[in-house]
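Enquirer: sequence first, predicted coordinates after that:
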Amino acid sequence: MSVPADRYSLILEYLQKRYPIAVSTSQIARDLNMNRGSVAKYLEVLLTQGHVIMKPFGKAKQYCSSQKIPFDDLFDYLSEAMVILDTDPKILMVNKSFITTFDIRTGKNVIGTALNRLNLALLNDTTVQGNISRILESKTYINEMLLIDQIKDRFFLTEFVPTFLPSLSFTAKPGIMITFRDITTWKKTEDELKTSERKIRTLFEEVPSGIFLFQADGTILNANRASLEILGLTRFTDIVNFNLFEIMSSREAIEKLISEGKNAEITLTCNFDRLKISTLTSTRKTGIAYFQVVFAPVTDRRWNAKQEYFILFIDITAQKRAEKELKERFWGITSNLPGIAYQFYARDSGEWGVYFADNRSESVYGIRTDPLETWFDRFASCIDPEDKQRWDDSIREVIQKIAPWDFEGTFIKPSGERVYIRGISQPIRLKNETIWNGIFLDITDRRRSEEELKKSEQRFRGFASNLPGIVYQFYARDAGEWGMNFVDERSQDVYGISPEPLNTWLDRYGMCIAPSDQVRWKNSIDDVIRRTAPWEFEGKFIKSTHEEMYIRVVSQPIRLSGETLWNGLILDITDYKRAEEALHASAIKEIRYHSFFENTCNGVLIYEPIDNGDEYILKDVNKATASLLRMPKEELIGKKLFEEFPDLPDPEIRDLLRRVLITEKPEFSSPLKYRNRDDFPWISHYVFKLPSGEIASFMVDVSDEVKKEIEDSSSVCDFRI
């Protein structure tokens, strides 16, 4: 501690011990063994700083310790940054807030430092320096300034206060106290509020929805430009003198909203032909318009409702017309379905039922549509008792999982007729419920075809047990030689290939494999020799008479010393392939009706014939179709069918479409690919003509069915020796 500081402390401790007794300067000097003049100067400084109190005692002065907060402590306690300058100007005092606000290095002594040596951009500003000079020169000065710290993006409300500074010589010197109040948060909040207000004003003017601010009696207080455009007006004066109820033609609906006093959404209609005669004579609009309206009362900051309201309205006339056209198209599509469409709902509250059931429900299944609330229960009561539990479980499961529904079972009509049905649907999640849009298909023909196929397979197994085909034995020796050890003598009768000479039989037989299957045939032989694996091959075989047939090669390897033998059959599966194609047709009949609008399972494609049916414009597709054709919906619509998809079979497809267009009889197409690429699926079609004159196709991805049927046929035809 320095000597002066030590003496200040001694004097303070001395007075604090004797508080509240006041002591003279002489007594303090005697008791502390100090010079009386020095004690007087120290007491004067302590007095100016608030540490001591002077009490006059006659002409003498007595001092005691102050119980008030000292000026220095109070100065440091203030949250505003403060600096006190003398006339040089040099720094006499700064508080802690000043040090932290301006990041002055810890331990740096700024007392006595010239102001400009702090290198603070705010204080070195010429305007600030000029203002300080004017104060020191007793000229007119600026009390407050808004200063900006450009480096840290801070705002300070700065005050300049002239003051007089006590000195040890007991004379007061002029000085300046400068305070810095950080108003950055307030300023930015103010700017953000102004920006927000500007955005709101811009939004009011630029939003494409119409907005009316009005009173409970319908008096219009304000309107934006979009409201004029929606109403077919050009000037605000066209609506100034009119009541909102007259313009919107919906007094009862709006007054009900006002009485309820809460936010709401409704749909209103407006007859512009009537308004043009009675009210809005200058409107350019005609006919009936539909508006989607959002209503809300105006509230203050305390959420107290005023007698003012606003409505936001959007012209949805085009949407309503599109819905009408879609509904008409929907009926055109569903009228050709071998089943009925429905819409099932399951609410989060636990309720479930149907929103819609096709009016053809009675003609197809013998169940009347009305009353709709009991339709689903009445339909379910006709499910065969053997399938009822599975029906109930499937419904509970899809509601719980919000999953697609797919159910097949027996349906007993009220007339007693038994049919097979398939229910399929896809879920759509809404705010408080899930909607399933789907179809109940009559798959009786397909199921009967499947049963017939099962019988055919059983007969085929019996036939296979008696060697239905030619028997062969193929060898592959470790030395690299391979060929035939044996070929059934019926090779000539079945395939037109003589068994002799045996060493050339495989080459002669292989030459009759269709060119499209040649590579696969050779690769299959190389593969089974390399892996010593079972041999299975299916392909087309062309006899010397040009008769085409389908063959299947099946065999199992037997490992011997130095070689491997394959004992097997080469089967004529031409009839089976035809039965398989019949099964495909049956499968197509079941699935071609899937997804008749956007949210159903499979594709719907609408064509418009041009050039007398030589070409077709793609008029409409759903999401499933876009997925199947690997193109966005927007890129498909408007394209020419054969121009966009040159890989489509031609003239088969062109002829099919022309026949449907002329005869108006629905037709099926065999599975095909729109592009000859591996990533394109096999698609089956059900093609029919709509009442509008357009051609519609149900598109079904049958890739999985084709693979499954191939796998199933492989297991059926597997015969091993």
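Expert: Perfect, thanks for sending it.
Enquirer: flag the shaky bits of the stretch 401-550 of the chain, pLDDT-wise.
Expert: 456-468 (pLDDT under 70).
Enquirer: rerun at 50
Expert: 460-465 (pLDDT under 50).
Enquirer: next, count neighbours for the nearest residue to residue 352 once chain neighbours are set aside.
Expert: Nearest non-adjacent residue to residue 352, counting by Cβ to Cβ, 6 or more residues apart in numbering: residue 346, 4.2 Å away. Using the backbone N, CA and C atoms, a C-beta is placed for each residue, glycine as well. Other residues lying near residue 346 total 20 when counted by other Cβ atoms under 10 Å.
Enquirer: again, but for residue 322
Expert: Neighbours around residue 322, by other Cβ under 10 Å: 11.
Enquirer: which strand or helix spans it?
Expert: Assigned by DSSP states H and E, residue 322 belongs to helix 317-334.
Enquirer: now the residue nearest to residue 104 when sequence neighbours are not counted: how far from residue 121?
Expert: Counting by Cβ to Cβ, 6+ apart, residue 104 lies nearest to residue 110, which is 6.4 Å off, once chain neighbours are set aside. With distances taken as Cβ to Cβ, to the nearest Å, residue 110 is found 16 Å from residue 121.
Enquirer: span of stretch 497-512 from start to end?
Expert: 9 Å (Cα to Cα, to the nearest Å).
Enquirer: got the contact list for that stretch?
Expert: Here stretch 497-512 makes contact (Cβ atoms under 8 Å, 6 or more residues apart in numbering) with 474, 483-484, 486-489, 491-492, 495-496, 518, 521-522, 541-544.
Enquirer: and these, which of them are in helices?
Expert: Assigned to helices by DSSP state H, the following of these qualify: 491-492, 495, 518, 521-522.
Enquirer: give me phi/psi at the residue most central in space within the chain?
Expert: Central residue of the chain (Cα atoms, centre = their mean): residue 429, 12.8 Å from the mean position. Here is the backbone geometry of residue 429 (degrees, to the nearest 10): phi -90, psi 120.
Enquirer: pull the contacting residues for it.
Expert: Residue 429 touches residue 402, counting by Cβ under 8 Å, 6+ apart.
Enquirer: just the mean pLDDT for stretch 674-689, thanks.
Expert: Averaged across stretch 674-689, pLDDT comes to 87.
Enquirer: any idea how far apart the tips of that stretch sit?
Expert: 21 Å.
Enquirer: buried stuff in it?
Expert: Across stretch 674-689, burial judged by 16 or more other Cβ atoms under 10 Å covers 674, 680-689.
Enquirer: ok, stretch 310-324 next?
Expert: Buried residues in stretch 310-324 (16+ other Cβ under 10 Å): 310-317, 320.
Enquirer: least confident pick among these?
Expert: When the buried residues of stretch 310-324 are sorted by pLDDT, the bottom entry is residue 320 at 75.
Enquirer: next secondary structure after whatever helix or strand the residue nearest to residue 352 lives in?
Expert: Here residue 346, judged by DSSP H and E, is contained in strand 339-347. Downstream of strand 339-347, the next assigned helix or strand under DSSP H and E is strand 352-357.
Enquirer: circling back: pretty sure the residue nearest to residue 352 sits against residue 433.
Expert: Yes - the criterion here is Cβ atoms under 8 Å, and residue 346 meets it with residue 433 at 6.4 Å.
Enquirer: in the stretch 151-300 of the chain, where is pLDDT below threshold?
Expert: 167-171.
Enquirer: hey, where'd the strands end up in it?
Expert: 154-165, 173-182, 210-215, 220-223, 264-271, 288-299 (DSSP state E, counting those that start in this stretch).
Enquirer: nearest to residue 373 among those would be which one?
Expert: Counting by Cβ to Cβ, residue 373 lies closest to strand 264-271 out of the strands of the stretch 151-300 of the chain; the figure is 24.1 Å.
Enquirer: keeping just the C-alphas, turn the closest one into PDB.
Expert: Taking Å, rounded to 0.1, in the frame of the first residue of the first chain, the C-alpha atoms of strand 264-271 are listed here in PDB:
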ATOM      1  CA  ALA A 264     -63.700 -20.000 -38.300                       C
ATOM      2  CA  GLU A 265     -63.500 -21.200 -41.900                       C
ATOM      3  CA  ILE A 266     -66.500 -21.500 -44.200                       C
ATOM      4  CA  THR A 267     -67.300 -21.600 -47.900                       C
ATOM      5  CA  LEU A 268     -69.500 -18.900 -49.400                       C
ATOM      6  CA  THR A 269     -71.100 -18.500 -52.800                       C
ATOM      7  CA  CYS A 270     -71.500 -15.300 -54.700                       C
ATOM      8  CA  ASN A 271     -73.800 -14.600 -57.700                       C
END
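Enquirer: may I see the buried residues of that strand?
Expert: By 16+ other Cβ under 10 Å, the buried positions in strand 264-271 come out as 266, 268, 270.
Enquirer: before we move on, what about stretch 183-192?
Expert: Applying 16+ other Cβ under 10 Å to stretch 183-192 flags residue 187 as buried.
Enquirer: can you list the residues that contact stretch 253-262?
Expert: 216, 218, 244-245, 248, 264, 266, 268, 295, 297, 305, 309, 311.
Enquirer: and the two most separated of the residues you listed?
Expert: 268 and 305 (22.5 Å).
Enquirer: what about stretch 387-407, distance to the chain center?
Expert: 27 Å (Cα atoms, centre = their mean, to the nearest Å).
Enquirer: my error: substitute stretch 180-197 in the last question.
Expert: On Cα atoms, centre = their mean, the centre of stretch 180-197 falls 35 Å from the chain's centre.
Enquirer: and stretch 455-475, end to end?
Expert: 36 Å.
Enquirer: err, stretch 614-627, not the other one
Expert: Stretch 614-627 end-to-end distance (Cα to Cα) = 26 Å.
Enquirer: state the mean pLDDT of it.
Expert: Mean predicted confidence for stretch 614-627 is 88.
Enquirer: can you pull the buried residues of it?
Expert: So for stretch 614-627, counting by 16+ other Cβ under 10 Å, buried means 615-627.
Enquirer: now those residues in CSV, with distance to residue 478 and secondary structure?
Expert: Formatted as CSV, the buried residues of stretch 614-627 follow (distance: Cβ to Cβ, whole Å; DSSP: H, G, I helix; E, B strand; the rest coil):
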residue, distance to residue 478, secondary structure
615, 62, strand
616, 61, strand
617, 64, strand
618, 60, strand
619, 65, strand
620, 64, strand
621, 59, strand
622, 59, coil
623, 58, helix
624, 55, helix
625, 56, helix
626, 56, helix
627, 51, helix
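Enquirer: out of the residues you listed, who's nearest residue 186?
Expert: residue 623 (52.6 Å).
Enquirer: do you know the pLDDT at the residue nearest to residue 352?
Expert: So, for residue 346, pLDDT stands at 91.
Enquirer: ok, residue 560 next?
Expert: 90.
Enquirer: count the residues that sit near it.
Expert: Residue 560, neighbours per other Cβ under 10 Å, totals 10.
Enquirer: roughly how far does the residue nearest to residue 563 when sequence neighbours are not counted sit from residue 627?
Expert: Ranked by Cβ to Cβ, 6+ apart and with sequence neighbours excluded, the top spatial neighbour of residue 563 is residue 477, at 4.2 Å. Using Cβ to Cβ, residue 477 is found at 52 Å from residue 627.
Enquirer: equivalent analysis for residue 408, please.
Expert: Residue 408 is 24 Å from residue 627, by Cβ to Cβ.
Enquirer: show me how far stretch 146-163 is from its chain's centre.
Expert: Going by Cα atoms, centre = their mean, where stretch 146-163 is centred and where its chain is centred differ by 48 Å.
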